Structure formats: C-alpha cells, structure tokens
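**Q** Next comes the sequence, and after it the predicted model I'd like to discuss.
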Amino acid sequence: MKLLFTILTFLTFLSIANAANSANCTNVNGDMFMNKCWKNDESVLPLMASFIMQFVNPRTVAISTTTILFLLPAILLLSNSPTVYPALKNKYSQLRIILIHMLHRSAYPLVLGVGLYAVFRQRRPCFCDGAPVGSIYGMPSGDAMAGGILGAFLIDKAPFYPKLARVLGVCVMICVCFERTILGFHTIGQVVTGTSIGFILHFYSTRVPQWFIAVDILMQWILSAIALQLDPALIYSPNDPNNLWVWFIWGASFQVLVLFLLFRVGKSPLDGWRVLKQSMNKMSKDDLNIQSDSAEDHLLAYAIKPSHDMIESDERYKRRISKDADIPYTFIAFIAFFAVNFLSFCMQQWGWLVHTSDSAAGGTPMS
C-alpha cells in the first residue's frame with residue numbers, strides 16, 4: 001500500500017508541476033504519458049531536482065558506505081577503556097554487518113540495474129539539442145531503484161522515530177522519481193519500475209540467509225555480463241563516460257568488497273556460519289548480541305581484565321583490540337576492491353571488452 005501511495009502521489013505531483021515538456025526535446029519513446037520526455041528547464045524545478053540528486057545517487061551511497069567501512073576499525077583502535085570494550089565490540093560488529101548489507105543493496109542499481117538495461121533495451125526518453133540525455137538505455141531507472149531500496153529500509157526498519165521514518169521513506173521515493181523525470185533521464189514508467197524493483201529487493205535481501213548473498217551476486221554478474229556483451233546496439237565512442245560495461249565492472253568492485261567482508265563476520269568458520277545462516281532481518285534486532293555464542297569471547301573478560309602488572313594488562317588489551325580490528329584482512333579486502341575498481345577505469349580508457357567506434361553518438365554524461 002505504501003508503494004502504491006508513493007506512485008500515485010508522484011504521478012499527481014508530476015502532472016501538476018510539469019504538465020508539458022518545457023525543454024526543446026524530442027520524445028524518443030513516443031508521446032504516451034508513461035513514456036514521454038518530461039524534461040523541464042524552467043523555474044526552480046531543475047534546481048530542486050539537482051539538489052535532491054546529490055543525496056540519493058547510488059554511486060554516492062556506495063562510495064559513502066565504503067568509506068565508513070574503511071574507517072570503522074578506528075572505533076576499536078581508538079578505544080582506551082577496558083570496562084566498556086565488550087559492549088563496544090558488540091556494537092562495532094553489529095554496525096559492520098549493517099554496513100556490509102547496506103553496501104550490498106546499494107550495489108544493486110550499479111550491477112543488476114545496468115544488466116537490466118540490456119535486457120529491457122528501452123531508450124532514455126529525451127533527445128535535446130542534438131544529443132540524447134544520458135546513456136543509451138533507461139529501463140529501469142537505477143537511481144529510482146536506489147530510492148526504492150532506501151525508502152523500503154526506512155519504512156521497514158524505521159531506525160528512529162517510526163512514523164517520521166516511514167513518512168521520510170515515502171518522501172525519498174517520490175523525490176527520486178521526480179528528480180529523474182524532471183532532469184530528463186527517465187520516463188515515468190522507468191522510474192516507477194525502478195522504484196518497485198528496489199522496494200522488492202530490500203525485503204528479499206533482508207529475509208534470505210546471509211550466505212545466499214554470494215549466490216545473489218554471482219547471478220547478477222552472470223546475467224549482466226551476458227546481457228551487456230550480447231547487445232549489438234552497445235557501441236561506444238572512445239573513452240565514453242556512458243559505457244555500460246564500465247559501469248557494471250565499477251559496481252561489481254563494491255560487491256567484491258561485500259564478499260570479502262561478509263565471510264569474515266566470525267573469527268572462526270563455525271562462528272561465521274552461525275551468523276551467515278541467519279537473515280539480516282533477524283540479525284538487526286536490537287536485543288541480538290551476535291558475539292554472545294562465540295567460543296573465543298568466553299575469554300573476553302579475561303583478555304581485558306587488569307592484572308597486578310599494569311604493563312601486562314595494557315599489552316593484553318592492545319593485542320585484543322588489534323585482533324578484533326582485523327586490519328591485515330581488511331587491508332587485503334580493500335586492495336581487491338581497488339584493483340577491480342581501477343580495472344573499470346582501464347576499460348573505459350582503452351575500450352576493453354566493448355565495441356567502440358569514432359562515429360558512435362554519446363549522450364550527455366550521467367551525474
């Protein structure tokens with residue numbers, strides 16, 4: 001019902017705010033209400049849309065989440081109170097899992113969304129001033145998919161004031177749909193489809209066992225790679241910023257990081273499997289202590305307990321923090337992430353695994 005209300009509200013608002021295409025654009029997909037170009041260059045609407053875009057862009061969300069994961073071990077490394085360390089460690093572990101799953105969901109538009117472009121093969125709606133707006137395809141909208149995922153998270157989890165969070169979730173989905181259509185990147189049909197897929201993906205990904213994420217990611221890679229490689233229309237100009245294959249590889253780099261970090265949630269294979277058998281929906285319960293059954297944590301109190309020798313106590317505490325922060329493995333995980341991410345830039349620069357042509361028409365760069 002919330003999703004239906006969101007769609008109806010968005011359509012009503014868009015019809016009032018932008019009754020006609022006010023830009024000098026051609027409707028690539030025809031003049032039907034759901035497929036036409038709604039790009040608007042007048043008044044304050046484009047300014048509002050651009051302001052919204054910087055906060056809900058899936059690329060921004062993925063980079064921000066990755067940065068937080070990179071800095072997260074500092075919570076433990078800067079700790080200097082053995083008394084609060086057990087509670088701090090548990091909060092650190094819970095936050096780490098939440099962020100890993102947030103990164104996994106934010107990568108859906110970057111990988112699955114790009115793959116679905118080559119499955120649906122529906123063009124972006126606006127051809128303005130002699131050039132298409134955005135990349136070649138627009139079904140489904142990746143940004144709207146990200147908005148649907150974020151909106152569903154706020155509605156489902158309501159991490160703060162429940163009523164406010166749910167209202168905010170609906171507003172996020174409406175604003176993203178508005179932004180993508182007003183700027184001319186997508187049709188109404190494309191943003192509604194993207195929002196619906198994102199909404200469903202949130203509930204699916206938080207209800208399946210966490211180990212299934214590996215299968216999920218592998219299926220995304222296979223589907224997207226096959227669809228993008230088999231589409232004969234995907235011919236790019238040299239160093240094209242709208243190269244969908246490059247987008248796919250760039251998004252997959254975040255999923256590589258997810259796989260590395262997810263299968264390190266436990267300090268032993270047995271403890272890790274205990275965690276991965278559960279769904280994220282269960283793991284995120286406020287009263288769930290994900291470390292309580294860990295065999296090594298039975299020694300946690302002793303590991304940080306002061307002894308008569310203060311030097312020994314301090315060294316023991318530092319060793320425990322170093323072990324829990326797991327810096328060497330985290331460093332390896334981020335090296336793998338940066339390697340795949342850098343590979344995407346090489347592919348764009350030299351046109352690896354794509355068809356290029358000097359006569360290919362490129363669209364306006366995506367923001």
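**A** Thanks, I have the structure now.
**Q** drop to CA atoms for contacts and neighbour counts, all remaining ones
**A** Fine.
**Q** Just the buried residues of the helix or strand hosting C177, please?
**A** Assigned by DSSP states H and E, C177 belongs to helix 162-182. Of the residues in helix 162-182, 165-166, 168-182 count as buried by neighbour count, 16 or more other CA atoms under 10 Å.
**Q** where's that helix relative to the chain centroid, distance-wise?
**A** Relative to the centre of its chain, helix 162-182 is centred 17 Å away, using CA atoms, centre = their mean, to the nearest Å.
**Q** angle of the next helix or strand along the chain from that helix against helix 162-182?
**A** Taking DSSP H and E as the definition, the helix or strand that follows helix 162-182 towards the C-terminus is helix 188-205. Using axes from the mean of the first three to the mean of the last three CA atoms, to 10 degrees, the direction of helix 188-205 lies 140 degrees away from that of helix 162-182.
**Q** contact partners of the helix or strand just after helix 188-205?
**A** Sequence order places helix 212-230 as the next helix or strand after helix 188-205, per DSSP H and E. Helix 212-230 has contacts (CA atoms under 8 Å, 6 or more residues apart in numbering) with 111-112, 114-116, 118-119, 205, 234, 244-245, 248, 252, 255, 259, 354.
**Q** Try it again at 7 Å.
**A** The contact list for helix 212-230 (CA atoms under 7 Å, 6 or more residues apart in numbering) reads 111-112, 114-115, 118-119, 245, 259.
**Q** same question, stretch 71-81
**A** Applying CA under 7 Å, 6+ apart, the contact partners of stretch 71-81 are 321, 325.
**Q** what do you get for stretch 110-123?
**A** Residues outside stretch 110-123 that contact it (CA under 7 Å, 6+ apart) are 29, 136-140, 142, 220, 223-224, 227-228, 231, 244, 247-248, 251-252.
**Q** and if we set it to 6 Å?
**A** Identification of contacts with stretch 110-123 by CA atoms under 6 Å, 6 or more residues apart in numbering yields 136-139, 142, 220, 224, 227-228, 248, 251.
**Q** Could you work out the most separated pair of those residues?
**A** Greatest spatial distance in the contacts of stretch 110-123: I136 and Q220, 20.5 Å, computed using CA to CA.
**Q** neighbour-wise, which of those two wins?
**A** Set side by side, I136 and Q220 show more neighbours around I136, with 25 against 20, by other CA atoms under 10 Å.
**Q** ok, the closest residue to that one other than its chain neighbours to F185 distance?
**A** Excluding its sequence neighbours, the residue lying closest to I136 (CA to CA, 6 or more residues apart in numbering) is R123, at 5.7 Å. Distance from R123 to F185, counting by CA to CA, to the nearest Å: 10 Å.
**Q** moving C-terminal of whichever strand or helix holds T67, what's the next helix or strand?
**A** If you go by DSSP H and E, T67 is part of helix 58-71. Past helix 58-71, further along toward the C-terminus, the next helix or strand under DSSP H and E is helix 74-77.
**Q** Can you give me the buried ones in the helix or strand following that next one?
**A** Per DSSP H and E, helix 74-77 leads on to helix 85-106 as the next helix or strand towards the C-terminus. By neighbour count on 16+ other CA under 10 Å, the buried set for helix 85-106 is 85-86, 88-90, 92-94, 96-97, 99-106.
**Q** repeat for stretch 40-53
**A** Quick answer for stretch 40-53 (16+ other CA under 10 Å): 40-41, 45-46, 49, 52-53.
**Q** for stretch 51-61, same thing?
**A** Neighbour-count burial for stretch 51-61 [16+ other CA under 10 Å]: 52-53, 56-59, 61.
**Q** Those: which two are farthest apart?
**A** Maximum distance among the buried residues of stretch 51-61 (CA to CA): 13.9 Å, for I52 and R59.
**Q** Ignoring the adjacent residues along the chain, who's closest to V246?
**A** Nearest residue to V246, sequence neighbours excluded (CA to CA, 6+ apart): S344, at 5.2 Å.
**Q** C-terminal to whichever helix or strand that neighbour is part of, what's the next element?
**A** If you go by DSSP H and E, S344 is part of helix 327-350. Once the chain leaves helix 327-350, the next helix or strand it forms, by DSSP H and E, is strand 355-356.
**Q** Are we agreed that N35 is in a helix?
**A** No: counting by DSSP: H, G, I helix; E, B strand; the rest coil, N35 is not part of a helix but coil.
**Q** who's in contact with the residue nearest to it when sequence neighbours are not counted?
**A** What sits nearest to N35 in space, not counting adjacent residues and going by CA to CA, 6+ apart, is T187, at 5.2 Å. Residues near T187 by CA under 6 Å, 6+ apart: 35, 125, 181.
**Q** would TSV of those residues with distance to V215 be doable?
**A** Shown next, in TSV, are the contacts of T187 (distance: CA to CA, whole Å):
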residue	distance to V215
N35	34
P125	34
T181	34
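**Q** Serialize those to CSV and add fields for distance to D216 and pLDDT.
**A** Listed next are the contacts of T187 as CSV, based on distance: CA to CA, whole Å; pLDDT from 0 to 100:
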residue, distance to D216, pLDDT
N35, 31, 87
P125, 31, 90
T181, 30, 89
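**Q** List of residues touching stretch 193-209?
**A** Stretch 193-209 is contacted by residues 140-141, 144-145, 148-149, 152, 277-281 when judged by CA under 6 Å, 6+ apart.
**Q** In helices, which of those appear?
**A** Per DSSP state H, helices hold the following members of the contacts of stretch 193-209: 144-145, 148-149, 152, 280-281.
**Q** Which member of the residues you listed is positioned nearest F334?
**A** M280 (22.9 Å).
**Q** Name the residues that touch the helix holding C177?
**A** 6, 10, 38-40, 49, 144, 147-148, 151, 154-155, 158, 186-187, 191.
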